[in-house]
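When you get a sec, could you give me coordinates for this:
(one chain, ligands or ions: 1)
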Amino acid sequence: MSLVQKIRKLASSSRFDVVCGSNWDVPIFQSGQMNNFPLLKLLLSNECNFDCKYCNNRCRNKSTSINPKKVAKLTNQLYTNNRICGLFLSSGVYSDPEDVMEDLIYTAKLSREQGFDGYIHLKAMPGCSKDQIERASIIADRLSINIEGPTRSHLSELCSVKDLKIDIERRQRWIDEQDVGQSTQFVVGALDETDKEIINKSVELYEKFDLNRVYFSGFKPLKDTPLESSSGVERHRVGRLYQSDWLLRVYKYQPKELLKITENGMLPNIDPKLEIAKKKRRINIKKASEKQLMRVPGIGPKTAKKIQDKKQEIQSLSDLKSMGVPEKTIPFIELDGEKQKRITDF
Ligand code: SF4
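Numbers count the residues shown, from 1 in each chain. Got it, this is the predicted structure:
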């Protein structure tokens, strides 16, 4: 197998870790959080002794793997040619987790020694040591370990050898003690977990650890896995969870506001910001704080700031329109105590 074929295969095998869109010439992904931030994303090996039910690398003996030296060289070449800004490196657990973690650290270290000073995101292996987390955090910008399920029983149902408290949360605590970014990821829709359970667990993790992000990977049934005949996650579900996460992290909504709009534990298929606003009173544009303005559908942080800065000058709709306020916002606001049904009612 040629090096390019090998890299494509290992990139394809890394599909369970979410980063966003890809360019399959080489496995370069645009980071979802940082636009125009292309990452080389691949596994060191797709051989794995673990048995995650949704993954077709599970219990795989025949494998494709790549030498750390080749990864380091490729990373540096792509970086020098301005094709990537960073490296996202993970692996199947082809040996003792500590040995696999050692190979990941070695690969990242080699890349640095060869001059790569871009972003590095390393996966921490469940079962790696505290010393390895400490060493990895010196080389990498971000470490992550995937939580997969919101409860201990969900995780052990997904993977018989992973324990939520011991394998995942203990390592999350070790990462939290280092000067390095941290994220994690849920698999959504593989079992019967609810959005409510996922939101509650995310909130708990954000409170316990200084997490940069929680990611959501929508379950898709794959051939030759125990879940091959299950239904895949509904398309909207992952999107609604991301919107909820954004409201919690950036807009500082209270978890109970999101939980209140769930039905049978699931978020409705509607923008949660809109659904919450529908149950609240209109916001008086002139009296509202920046934080309150950001809660109005159609108004984001930039527009809220513009309105706040020029509050006294706002006399009419055209003033608001020039600040970027769209038509859909009208049912949720009032200006000087007057409610408007349409933009032209101002
Ligand atoms: S640890 Fe689980 S998800 Fe990761 S490669 Fe192995 S079987 Fe797949």
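
and the protein, which of its residues are near the ligand?
For the chain, the residues in contact with the ligand (Cβ under 6 Å from any ligand atom) are 16, 48, 50, 52, 55, 57-58, 92-93, 159. C-beta here means a position set from N, CA and C on the backbone, and glycine is covered the same way.

switch to 8 Å and redo it
Contact residues (Cβ under 8 Å from any ligand atom) of the chain with the ligand: 13, 16, 43, 46, 48-52, 54-60, 90-93, 126, 146, 159, 162.

Just the buried residues out of those residues, in ChimeraX syntax.
Command for ChimeraX that selects the buried part of the residues of the chain next to the ligand, burial taken from 16 or more other Cβ atoms under 10 Å:
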select :13,16,43,46,48,49,50,52,54,55,56,57,58,60,90,91,92,93,126,146,159,162
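
just checking, which of the residues of the chain next to the ligand belong to strands?
Counting by DSSP state E, the residues of the chain next to the ligand place 43, 90 in strands.

For the chain, spot the helix or strand the model is least confident about on average.
strand 22-23 (a mean of 40; mean pLDDT, DSSP states H and E).

the helices in the stretch 151-300 of the chain, which residues?
Taking DSSP state H, counting those that start in this stretch to define them, one finds helices in the stretch 151-300 of the chain at 152-158, 170-176, 195-208, 235-249, 255-260, 272-278, 290-293.

can you list contacts of the fifth one?
Contacts of helix 255-260 from elsewhere in the structure, counted by Cβ atoms under 8 Å, 6 or more residues apart in numbering, are 196, 199-200, 203, 244, 247-248, 267, 272, 276, 279.

if you set the cut-off to 10 Å instead, what comes out?
The contact list for helix 255-260 (Cβ atoms under 10 Å, 6 or more residues apart in numbering) reads 195-196, 199-200, 202-204, 206-207, 240-241, 243-245, 247-248, 254, 265, 267, 272-273, 275-276, 279-280, 295.

so where's this structure uncertain?
Within the chain, the stretches with pLDDT under 70 are 14-35, 60-62, 336-346.

Domain-wise, how is it divided?
3-145+157-176, 282-345 (automatic domain parsing).

Can you lay out these as JSON lines showing distance to residue 259?
Shown next, in JSON lines, are those (distance: least, Cβ to Cβ, whole Å):
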{"stretch": "domain 3-145+157-176", "distance to residue 259": "21"}
{"stretch": "domain 282-345", "distance to residue 259": "17"}
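
Give me whichever of these is most buried.
Of those, the one with the most neighbours on average (mean count of other Cβ atoms under 10 Å) is domain 3-145+157-176, at a mean of 19.
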